[in-house]
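Peer 1: pasted the sequence and its predicted model underneath.
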Amino acid sequence: MTTHIESEEHKALRSAVAALGKRYGREYLTRTIAEGKPLTELWSEAGKLGYLGVNLPEAYGGGGGGITELSIVLEELGAAGSPLLMLVVSPAICGTVISRFGTEDQKTRWLPALADGTRLMAFGITEPDAGSNSHRITTTARKDGTDWLLTGRKVFISGVDMADAVLIVGRTEDARTGRLKPCLFIVPTDAEGFQKHPIDMELNAAEKQFELVLDDVRLPADALVGDEDAGLLQLFAGLNPERIMTAAFAIGMGRYALSKAIEYARDRTVWKAPIGAHQAIAHPLAQAHIDLELARLMMQKAAHLYDAGDDIGAGEAANMAKYAAGEACVKAVDQAVHTLGGNGLTREFGLASLITAARVARIAPVSREMILNYVSHQTLGLPKSY
Ligand SMILES: Cc1cc2nc3c(=O)[nH]c(=O)nc-3n(C[C@H](O)[C@H](O)[C@H](O)COP(=O)(O)OP(=O)(O)OC[C@H]3O[C@@H](n4cnc5c(N)ncnc54)[C@H](O)[C@@H]3O)c2cc1C
């Protein structure tokens, strides 16, 4: 009997997406960033081909797969040098939350458009005074008749300029303090009282981050997704895919950097043999490859558990996968840049900007330290310091 980590179908998806990624590649990303534009062409084509919605239900225009399939899409686009960060947010978080907890009306209104990429939804949980501690978020929804009035501030929200709406995590007025009892609201980006200000990031990426100011934004009753009382469960239904997808983002970027370094190390000769023959260059590249492969294995486990409906098991695995992938990506990029010597820092070879980009996977959506805290307390049962 032969067993497979990946089915024939998954392998076919992987190579089809890789072919699409190759057609766009790093040149497309670099050109589009220089023009200050979003990655619209790649996003639309991936949407038309059904890749953006592989995880969404078939009944609503999706591919009927899961996060397993969506993570393959993001990893392969990243490995080709043109990752679509908003895959982490629009189909993975927002699409998942709406398809699992939305009303029939919310599903028909949003899912087909998120699946074919004609509409995009950003996600906002981070606040200036809360950061890693989501229990401190203060964005508050107040009832006014059947409407909601939403007020608060969010920071580092990705892709708001490309988005039709933001799925905002807030809390209701009667659950304003204490342990987080979150509520999820679909907030249109053209709503009155909704302001977005770009944050000046030192990141070479097409997706921008924004500060949001919500000043009594009036929302209809059906802007609320799911149940006011089951918010935490609903939120985690979206946060686990986010972690798995961030792992896919990191693994794709790490693979891209590594492939460039390997190509260079095979040819570049300054003594008798190419530099790749020196073990001081070859071994760290081999280690980086092993680390990326190990991280992918954990990501596949997390995606498998999540798609099988095991939210609890997926939570631990998704955290570990995000940690492993973030670390593997940072190391792979660092070693790739080093392998190119001076060329590692030239614009022509385009690797140095990945040093900053790789750090994103170590910080967001949950930092390395918060994952180590989670494993210390939840998995190992050690006491808490905070
Ligand atoms: C490029 C980018 C895109 C992003 N996109 C989005 C988005 O679309 N939507 C969104 O909601 N958010 C987004 N974020 C925000 C991101 O999720 C946060 O930056 C992240 O959760 C960390 O929060 P913070 O930046 O406030 O850091 P802080 O919470 O202030 O942490 C700062 C440092 O302290 C450490 N630390 C904090 N508490 C502890 C502790 N108890 N023990 C040990 N160490 C600790 C952290 O690990 C970190 O190293 C994005 C961020 C970036 C950089």
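Peer 2: Good, I have the coordinates. Residues are numbered from 1 along each chain as shown.
Peer 1: got the contact list for Asp116?
Peer 2: The contact partners of Asp116, taken as CB atoms under 8 Å, 6 or more residues apart in numbering, are 47-48, 50, 52-53, 61. The C-beta positions use only the backbone N, C-alpha and C, and glycine is treated the same way.
Peer 1: I meant to write Leu49 there.
Peer 2: Going by CB under 8 Å, 6+ apart, Leu49 touches 16, 20.
Peer 1: and the pLDDT for it?
Peer 2: Looking at Leu49, its pLDDT reads 98.
Peer 1: what do you get for Phe236?
Peer 2: Looking at Phe236, the pLDDT reads 86.
Peer 1: close to the ligand: what parts of this structure are there?
Peer 2: Within the chain, the residues that sit near the ligand (CB under 6 Å from any ligand atom) are 89, 123-126, 131-132, 156-158, 209, 360, 363-367, 369-370, 373, 386.
Peer 1: for the residue of the chain positioned farthest from its centre, helix, strand, or coil?
Peer 2: Residue distances from the centre of the chain (CA atoms, centre = their mean) peak at Lys272, which lies 43.6 Å from the mean C-alpha position. Assigned state for Lys272: coil (three-state reduction, DSSP: H, G, I helix; E, B strand; the rest coil).
Peer 1: what are the ranges of the helices in this structure?
Peer 2: Ranges of helices in the chain, per DSSP state H, are 8-34, 40-48, 67-79, 96-101, 104-116, 231-267, 279-307, 311-339, 353-363, 368-374.
Peer 1: nearest to Arg218, out of those?
Peer 2: With CB to CB as the criterion, Arg218 lies closest to helix 104-116 of the helices of the chain, at 18.0 Å.
Peer 1: from what I see, Glu316 and Gln378 are in contact.
Peer 2: Yes - the criterion here is CB atoms under 8 Å, and Glu316 meets it with Gln378 at 6.8 Å.
Peer 1: these two: which is more packed in?
Peer 2: Glu316 (18 against 12; other CB atoms under 10 Å).
Peer 1: how near is that one to Met86?
Peer 2: To Met86, Glu316 is 26 Å away according to CB to CB, to the nearest Å.
Peer 1: just the closest residue of the chain to the ligand, please.
Peer 2: The chain approaches the ligand most closely through Gly131 (2.4 Å), counting by CB to the nearest ligand atom.
Peer 1: state the pLDDT value of that residue.
Peer 2: 92.
Peer 1: neighbours around it, how many?
Peer 2: Neighbour number of Gly131 under other CB under 10 Å is 14.
Peer 1: check the one 5 residues further on too.
Peer 2: Around Arg136 there are 12 other residues, counting by other CB under 10 Å.
Peer 1: domain boundaries for the protein, per the record?
Peer 2: 8-119, 122-226, 231-379 (automatic domain parsing).
Peer 1: what about the longest one, distance to the chain center?
Peer 2: Right, domain 231-379. 13 Å (CA atoms, centre = their mean, to the nearest Å).
Peer 1: quick check: which ranges of this protein have low pLDDT?
Peer 2: For the chain, applying pLDDT under 70 flags the ranges 1-3, 176-178.
Peer 1: contacting residues for the residue minimising distance to the centre of the chain?
Peer 2: With distances taken as CA atoms, centre = their mean, the chain has Val88 as the residue nearest its mean C-alpha position (3.0 Å). Counting by CB under 8 Å, 6+ apart, Val88 makes contact with 74, 242, 245-246, 249.
Peer 1: PyMOL command to pick out the buried ones of the residues you listed?
Peer 2: The PyMOL command for the buried members of these (criterion: 16 or more other CB atoms under 10 Å) is given here:
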select buried, resi 74+242+245+246+249
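Peer 1: and the furthest pair within the contacts of Val88?
Peer 2: Using CB to CB, the contacts of Val88 span at most 11.5 Å, a distance reached by Leu74 and Glu242.
Peer 1: buried ones in stretch 363-381, by neighbour count?
Peer 2: 364-367, 370-371, 373-374.
Peer 1: return the member of those residues nearest to Arg255.
Peer 2: Ala364 (19.5 Å).
Peer 1: which residues touch the closest one?
Peer 2: Applying CB under 8 Å, 6+ apart, the residues near Ala364 are 156, 246.
Peer 1: and it, its phi and psi?
Peer 2: Ala364 adopts backbone torsions of phi -110, psi 160, taken as degrees, to the nearest 10.
Peer 1: with Val270 instead?
Peer 2: Dihedral angles of Val270 (phi, psi; degrees, to the nearest 10) stand at phi -120, psi -20.
Peer 1: please determine how far it is located from Glu75.
Peer 2: The gap separating Val270 from Glu75 is 34 Å, by CB to CB.
Peer 1: among the two, which residue is more densely surrounded?
Peer 2: A direct count of neighbours by other CB under 10 Å for Val270 and Glu75 places Glu75 higher, at 29 against 9.
Peer 1: residues contacting Arg359?
Peer 2: Taking CB under 8 Å, 6+ apart as the criterion, Arg359 is in contact with Val330.
Peer 1: try the one 3 residues further on
Peer 2: The neighbours of Arg362, taking CB under 8 Å, 6+ apart as the test, are 326-327, 330, 368.
Peer 1: just Leu382 next, same as before
Peer 2: Counting by CB under 8 Å, 6+ apart, Leu382 makes contact with Ser376.
Peer 1: Met121 contacts Val160, correct?
Peer 2: No - Met121 lies out of contact with Val160 (CB under 8 Å); the separation is 10.2 Å.
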